[in-house]
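> whatever this is, show me its structure:
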Amino acid sequence: MLNQFFDKYIFTNTLKYTHNNFFLVDVPFLIIPVDVLIEMIKSSDKEFRRKIYSMFKESTKKDLLPRFAKLGLEKNKKLDFVKTFFIASGWGKIDVIDLDVETKRAIIVLENSPFANELKGKVNFEVDIISRAILAGVFSEFFGEEIDCVEVECACMNKPACKLIIKPTAEFDLSKEIVQDQLPLGE
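The predicted structure follows:
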């Protein structure tokens with residue numbers, strides 16, 4: 001037994017290990033040690049971090065989400081599936097604590113982020129670049145508009161959890177340093 005999420009897909013034969021690769025509903029994925037990504041995540045080079053964010057966000061929108069479309073899930077169920085998939089895959093506990101479909105905003109609390117846990121006390125900036133980017137890509141599709149995500153609190157800096165703000169790109173205050181540090185503005 002791995003966990004309830006993956007066990008369900010093992011039982012229905014939609015989680016497969018074929019030719020030394022994992023597939024969930026024909027979407028390839030892998031299990032990777034956090035340490036392999038830590039050097040990239042802990043880089044203090046803000047331009048590099050913004051590029052990582054852009055690449056993961058675009059890849060989520062262009063490559064990952066269309067593959068999950070094969071599931072035939074309606075919008076809310078697809079959002080729940082993606083959230084559960086990432087939780088079950090070890091990305092931490094993702095809670096959508098405030099979702100406003102009308103204004104296209106959400107607040108996400110991420111508990112037990114493997115990146116924040118690993119870098120706790122070692123850096124003085126928010127470290128969940130990949131999680132933010134994936135969430136921005138997912139919510140861009142969900143809301144049907146360009147969405148971005150800024151991490152306003154990070155457990156690596158002694159907060160109880162990571163807190164992420166999701167909203168339309170144009171609604172972020174570009175004069176705030178945290179926004180400038182995290183989002184690829186004007187790219």
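> what about the residue positioned nearest the centre of the chain, distance to residue 46?
By C-alpha atoms, centre = their mean, the chain has its centre lying nearest to residue 131, at 2.8 Å. Distance from residue 131 to residue 46, counting by C-beta to C-beta, to the nearest Å: 18 Å. No exception for glycine: its C-beta is placed from N, CA and C like everyone else's.
> please apply the same query to residue 134.
20 Å.
> then residue 69?
Counting by C-beta to C-beta, the gap from residue 69 to residue 46 is 34 Å.
> likewise for residue 13?
From residue 13 to residue 46 the distance is 45 Å (C-beta to C-beta).
> which one's more surrounded, those two?
The neighbour comparison of residue 13 against residue 46 (other C-beta atoms under 10 Å) goes to residue 46, with 12 against 7.
> and the more buried one, its phi and psi?
Phi and psi for residue 46, reported as degrees, to the nearest 10, are phi -60, psi -40.
> ok, then the element right after the host helix or strand of the residue nearest to the centre of the chain?
Per DSSP states H and E: residue 131 is located in helix 129-143. Remark: after helix 129-143, the chain's next helix or strand is strand 147-153, criterion DSSP H and E.
> same for that next one, what does it pack against?
helix 129-143, strand 162-168, helix 177-182 (3 or more C-beta pairs under 8 Å, 6 or more residues apart in numbering; DSSP states H and E).
> of those, flag the one that's most buried.
The highest average neighbour count among those, using mean count of other C-beta atoms under 10 Å, belongs to helix 129-143 at a mean of 24.
> quick check: angle from that one to strand 162-168?
Here helix 129-143 points in a direction 40 degrees away from that of strand 162-168 (axes from the mean of the first three to the mean of the last three C-alpha atoms, to 10 degrees).
> okay, the angle between helix 129-143 and strand 147-153?
140 degrees.
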